[in-house]
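Enquirer: Sequence first, then the predicted structure:
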Amino acid sequence: MNATPGPIDRELSRRRVLEIFGLGAASAAVLAACGGGDGSGNNNNNGGGGGGKGNGEFRGAYPYQVPPKGHFNVMSGVTDSILGGTPYQDLILVPGGMYLWKEKKWVPMLAEKWEFDEAAKTFTYTVRQGINWSDGKPVTSKDVVSTFWCRRVMRQVEWEFLDDVKATDDQTVVFTMKKPSTVIERYAIRQGIFSDAMYGEFAKRAQALFGAGKDLDSPEGKKLNEELQAYRPKNPETDVITNGPFRWDFNGITNAQLTLVKNDKGYQADKVLFDKVVLYNGEVPTITPLVVGKQIDYATHGFPVATEKEAINKGLRIIRPPVYSGPALFFNLDKVPEFKDVRVRQALAHAINRDDNGTFALADSGKGVKYMAGFSDNLVPDWLSQEEQDKLNKYELDPQKATALLTEAGWKKQGSSWVKPDGKPAEYEIIFPAEFADWSSAGDNLAKQLTAFGIKVTGRGVTHTQQPIDVDKGNFQLAIQGWGASSSPHPHFAFVADLFTHNIPIAANQGGKGMAFDLKQTTKALGPVDLEQVVTAAGEGLDEVEQKKNVATAATAFNELLPIVPLFERYGNNPALEGVRVDKWPGDEDPILQNSPYADNFTIMLMLDGRLKPAGKTASK
């Protein structure tokens, strides 16, 4: 798929393979434009082995928008921010901490310490002293407070749990919770912190707005949300304020690549052994020749099977971290109201061969979803008892069951094709991000499977920057988007992605309702359910035993209702080039490689603590 979270690929025809690997004149031109050379790194942009005087260069890849569409309003939820929401933003704006998923422990960063007080319903965050912004000012509690009030304006989910965020001194921030909730730890600590000098005025307006009893649906609230999204720093060199070990080279951003240069006064700058990070712009078709040409050291894109094989043949290592999410089939219930009938969604789940969809897209890195619980199969045993697991409908491939469910819902089979209850042929369009090879593959394969079943589905690729906006605005019938969460191991975050991100609560940022799935439903297993409350409850409390009960409720509701149909769970097929510019990554047995590459990215964490080093260098102590 894309370099971003969520996963899918596509079946490669022989013609497509030839297009990708026929490294003729056009591909040679791309390589030359990006530095060329013989793959040794010894070329004219000094990307050599990283020895000598510390000129270590790391080369990655991630899609971004070039200015003026691409911009430096780095606030959470603002679209087209350059590197916003990507793993590389953690090198620019430091989070409170990053998490080791396998070991289940935090690595404190900007936050020195934190603690819950259940009786007081507070979560207290202490800012580490001695960290400065690029404008020379110290990072303080004021910056943390401004960050979270602006996130409230951007409809970020932590405010479902919060009543207030305030500073009690220069280093201390107190989050007051509606109900104590362990997920606040993740929301608070994992968040990159933004400068009050950039966002303080918006934060003050937010505090005044909500303090007056108004909300984001009020005229004033809508105006504030629109203005925060529209904010653009006039002079990025001075107006964009950061605290990480790298900053953008603002004058060197092109369609092909951008460079992050060392910020010697930034957090951990003395430990980071690379002086430059070069990121090539683009999705799979653009990045593929650079990977196999050994011009890139690491990439998180969902590469097609043929690309992976070629990379291995060229000597690159493939790292397969779990992603804890994958592609799903989304329905627009405003435009295709026949899918409001849960039997129809369940029928499609039985009609789709999810294992084939995953293999088709990503071979060993695409595994059909088993439990259909709304969160990663890898995490289900941690949260659901065996009895609860056994009650889940696994929606195994069963065309006869699918046929029975559609017939019950009033559909009819005419010849080899299905007719809807209104008498019209069942024909739909499915959209997917055109440049995401894995998402495109999943969409193509899904369309073929459903068409063979008698529901004609035509696939259409939409440029990856526009497709999620179209989904949020409701400009689609069927779509491929992500289920589950690469952002956190707690199931609450997966349910947010499944039910909120491209639905009524958050799609409102784009002025739409997304899939328009009503969060108040009636289920056979549970009776009436309010999914917004259920998802919130899944993250509430400090007692994990009680949390597991709420997670089981959310999983049971999701499993029956299938508001979206998860297809497969993705594992990274991250090519890692060792011994050229980068020495090597840890072995596959290292627990850090169980981190989601789209959240607490192991490469970024290894770089920040000095464990990832240039070829020929000695790791930082």
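Expert: Good, I have the coordinates.

Enquirer: contacts, neighbours, all on C-alpha from now
Expert: Noted.

Enquirer: Please report how far the residue lying farthest from the centre of the chain lies from Pro425.
Expert: Within the chain, Gly415 marks the point farthest from the mean C-alpha position, 42.1 Å out by C-alpha atoms, centre = their mean. Computed as C-alpha to C-alpha, to the nearest Å, the Gly415 to Pro425 distance reads 12 Å.

Enquirer: And Asp270, by the same measure?
Expert: 65 Å.

Enquirer: Looking at these two, which has the bigger crowd around it?
Expert: A side-by-side neighbour count of Asp270 and Pro425, using other C-alpha atoms under 10 Å, places Pro425 first with 18 against 15.

Enquirer: Run a quick check on the more buried one versus Val419, I expect a contact.
Expert: Yes - counting by C-alpha atoms under 8 Å, Val419 is a contact partner of Pro425 at 4.4 Å.

Enquirer: Thr359 against Lys367, yeah?
Expert: Yes - the criterion here is C-alpha under 8 Å, and Thr359 meets it with Lys367 at 6.9 Å.

Enquirer: Now do stretch 374-383: everything it contacts.
Expert: 324-325, 369-371, 373, 389, 483-485, 489, 491, 494-495, 498, 548, 551-552, 555, 558-559, 566, 569 (C-alpha atoms under 8 Å, 6 or more residues apart in numbering).

Enquirer: mind running it again at 6 Å?
Expert: 324, 484, 491, 494, 548 (C-alpha atoms under 6 Å, 6 or more residues apart in numbering).

Enquirer: For the helix or strand containing Glu112, list every residue counted as buried.
Expert: In this assignment (DSSP states H and E), Glu112 forms part of strand 111-117. For strand 111-117, the neighbour count (16 or more other C-alpha atoms under 10 Å) marks 111, 113-114, 116 as buried.

Enquirer: Please apply the same query to stretch 61-69.
Expert: Those would be 61-66, for stretch 61-69 by 16+ other C-alpha under 10 Å.

Enquirer: Tell me how far that stretch lies from the chain's centre.
Expert: Stretch 61-69 sits 17 Å away from the centroid of its parent chain (C-alpha atoms, centre = their mean, to the nearest Å).

Enquirer: Kindly report the same for stretch 97-115.
Expert: 20 Å.

Enquirer: residues near the closest residue to Gly454 other than its chain neighbours, how many?
Expert: The shortest distance from Gly454 to any non-neighbouring residue, by C-alpha to C-alpha, 6 or more residues apart in numbering, is to Ser417 (4.1 Å). Here the number of neighbours of Ser417 (other C-alpha under 10 Å) works out to 16.

Enquirer: re earlier: just name the closest of the buried residues of stretch 61-69 to Arg345, please.
Expert: Nearest to Arg345 among those is Pro63, at 33.1 Å by C-alpha to C-alpha.

Enquirer: Please verify my assumption that the closest one contacts Asn281.
Expert: Yes - between Pro63 and Asn281 there is a contact under C-alpha atoms under 6 Å: 4.7 Å.

Enquirer: can you redo the buried residues of strand 111-117 as a markdown table with pLDDT and distance to Val529?
Expert: Output for the buried residues of strand 111-117, formatted as a markdown table (pLDDT from 0 to 100; distance: C-alpha to C-alpha, whole Å):
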| residue | pLDDT | distance to Val529 |
| --- | --- | --- |
| Ala111 | 98 | 37 |
| Lys113 | 98 | 37 |
| Trp114 | 98 | 34 |
| Phe116 | 97 | 30 |
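
Enquirer: can I get those in CSV with distance to Gly459?
Expert: What follows is the buried residues of strand 111-117, written out as CSV (distance: C-alpha to C-alpha, whole Å):
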residue, distance to Gly459
Ala111, 46
Lys113, 49
Trp114, 48
Phe116, 49
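
Enquirer: Take the buried residues of stretch 61-69 and lay them out in CSV including secondary structure.
Expert: Below are the buried residues of stretch 61-69 laid out as CSV (DSSP: H, G, I helix; E, B strand; the rest coil):
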residue, secondary structure
Ala61, strand
Tyr62, coil
Pro63, coil
Tyr64, coil
Gln65, coil
Val66, coil
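
Enquirer: Using JSON lines, lay out these together with distance to Asn475 and pLDDT.
Expert: Shown next, in JSON lines, are the buried residues of stretch 61-69 (distance: C-alpha to C-alpha, whole Å; pLDDT from 0 to 100):
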{"residue": "Ala61", "distance to Asn475": "30", "pLDDT": "97"}
{"residue": "Tyr62", "distance to Asn475": "26", "pLDDT": "95"}
{"residue": "Pro63", "distance to Asn475": "23", "pLDDT": "93"}
{"residue": "Tyr64", "distance to Asn475": "23", "pLDDT": "94"}
{"residue": "Gln65", "distance to Asn475": "22", "pLDDT": "92"}
{"residue": "Val66", "distance to Asn475": "25", "pLDDT": "94"}
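
Enquirer: Near Ala120, how many other residues are there?
Expert: Neighbours of Ala120 under the rule other C-alpha under 10 Å: 11.

Enquirer: now do Val173
Expert: Neighbours around Val173, by other C-alpha under 10 Å: 24.

Enquirer: any idea how far it lies from Lys137?
Expert: Counting by C-alpha to C-alpha, the gap from Val173 to Lys137 is 18 Å.

Enquirer: Can you check what pLDDT the model gives Gly415?
Expert: Looking at Gly415, its pLDDT is 95.

Enquirer: got it, and Asp590?
Expert: 97.

Enquirer: before we move on, what about Val545?
Expert: Residue-level pLDDT assigned to Val545 equals 89.

Enquirer: Run through the residues that contact it.
Expert: Applying C-alpha under 6 Å, 6+ apart to Val545 gives no contacts.

Enquirer: which SS class is it?
Expert: Following three-state DSSP, Val545 is assigned to helix.

Enquirer: and the gap between it and Gly539?
Expert: Applying C-alpha to C-alpha to Val545 and Gly539 gives a distance of 12 Å.

Enquirer: how long is stretch 108-124 end to end?
Expert: 14 Å.

Enquirer: Run through who's touching it.
Expert: For stretch 108-124, using C-alpha under 6 Å, 6+ apart, the contacting residues are 95-97, 125-128, 173-177, 180.
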